[in-house]
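Enquirer: Let's see this in three dimensions:
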Amino acid sequence: MRIVFLGSPAAVLPVVQSLQEQAGKNPSHRLVGIVSQPAKPSGRGRHLLDPAVAVWGKTTDVPVFQFSNINDPENLKHLRDLQPDLCVTAAYGQILGDDFLLVPTRGTINIHPSLLPKYRGATPVASAILAGEKETGVSILFTVKKLDAGNIIAQEAFPLLYDKGAMALTEELFRLSVPLLMLSIDKLATDADFLGHPQDEKLVSQGKKIKKEDGAIDWSHSASLIFRKSLAYDPWPGIYTVFKGSRIVVSRCFLPKKDDLVRPEGFHDIGRFYFSKKLKALIVACGSDFLACQEVKPEGQRKMDAQSFFNGIKDKSELCFSL
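Expert: Here you go, the predicted model:
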């Protein structure tokens, strides 16, 4: 099959790279085009910076397109000229119109990092972490007009270990999706009548829309929820609290074991904290348990370890985080 890949961020590089590698191993499949987002201003100098997929694509002999509007008739003509049998999308970043979906003869398929029909939309990984799911996964599905609603071609589940943030987990899921994608492509190439399996609409859930203010820590919540938020909101918007009028970003934290906690007398107030030499962390009282904060970033300063932050507090009579 002649394949066009559509994607933008670094997280999906393993996918497009594997498509290129597989094309070399299997002459029946060939990557004939790469579509990514246009360059955007970045940094203090606001210099134009290409997405990671475009940067990599330009090192190959595969044509790279960076359309500001992929649904523009002239842009669709460029894609038709490639004569694609299949389009593969992964975190591309633009809505695909009806005319686009008619371009590839076998269809357009998408890699979605969740176990659909759970967590449709733009935040599937963060939403699974926030919900405390025991597993997550990847779904390969046909692209239709309704977002993430197409028939499932293949799906695989993986344990959700809560050992990395949303960005790192997203990257891992796209990497793990590669073998499943290759099986899906072979399936579509050999079975022209295969249309996938419909999603159960009764089980549909939408990914949580994330706002900047979601990062504010409510210490009356459980430590486990605050910890999950720290992972789900990594790298944006992060989680933060307030100490003596200044905003403090909590950049690393964990759930301490009860046996490791030695609470000072009268340590009950929500948001109250002390420094644990054993854990090298600030131990903060939450709704029903405790969170250990290893690294923080005070407003206007660089990140620092918990001990450096604690040692820098001159008045230790009121050690309590607030909002």
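
Enquirer: Buried ones in the top helix by length along the chain, by neighbour count?
Expert: Across the chain, the helix with the greatest residue count (assigned by DSSP state H) is helix 166-190. Residues of helix 166-190 classed as buried: 166-167, 169-175, 177-178, 180-181, 184-185, 188-189 (neighbour count, 16 or more other Cβ atoms under 10 Å). The C-beta positions use only the backbone N, C-alpha and C, and glycine is treated the same way.

Enquirer: just stretch 13-23 next, same as before
Expert: When burial is assessed from 16+ other Cβ under 10 Å, stretch 13-23 yields the following buried residues: Leu13, Pro14, Val15, Val16, Gln17, Ser18, Leu19, Gln20, Gln22, Ala23.

Enquirer: Double-check the fourth one against Thr59; I have them as touching.
Expert: No. Under the criterion of Cβ atoms under 8 Å, Val16 is not in contact with Thr59, lying 11.6 Å apart.

Enquirer: returning to that earlier point: the longest helix of the chain: how far from the chain's middle?
Expert: In this view, helix 166-190 has its centroid 15 Å away from the chain centroid, taken as Cα atoms, centre = their mean, to the nearest Å.

Enquirer: right, and the helix or strand after it?
Expert: Elements were assigned by DSSP states H and E; along the chain past helix 166-190, the next helix or strand is helix 223-232.

Enquirer: what's the very next helix or strand once past that next one in contact with?
Expert: In the C-terminal direction, the helix or strand that comes right after helix 223-232 (DSSP H and E) is strand 239-243. Contact with strand 239-243 is made by 215-217, 219, 226, 229-230, 233, 247-250, 271, 298, 320-323, as judged by Cβ atoms under 8 Å, 6 or more residues apart in numbering.

Enquirer: run the last query once more with 10 Å
Expert: Outside of strand 239-243, the residues within contact range by Cβ atoms under 10 Å, 6 or more residues apart in numbering are 212-219, 226-227, 229-233, 247-251, 253, 271, 273, 284, 293, 296-299, 309, 313, 318-323.
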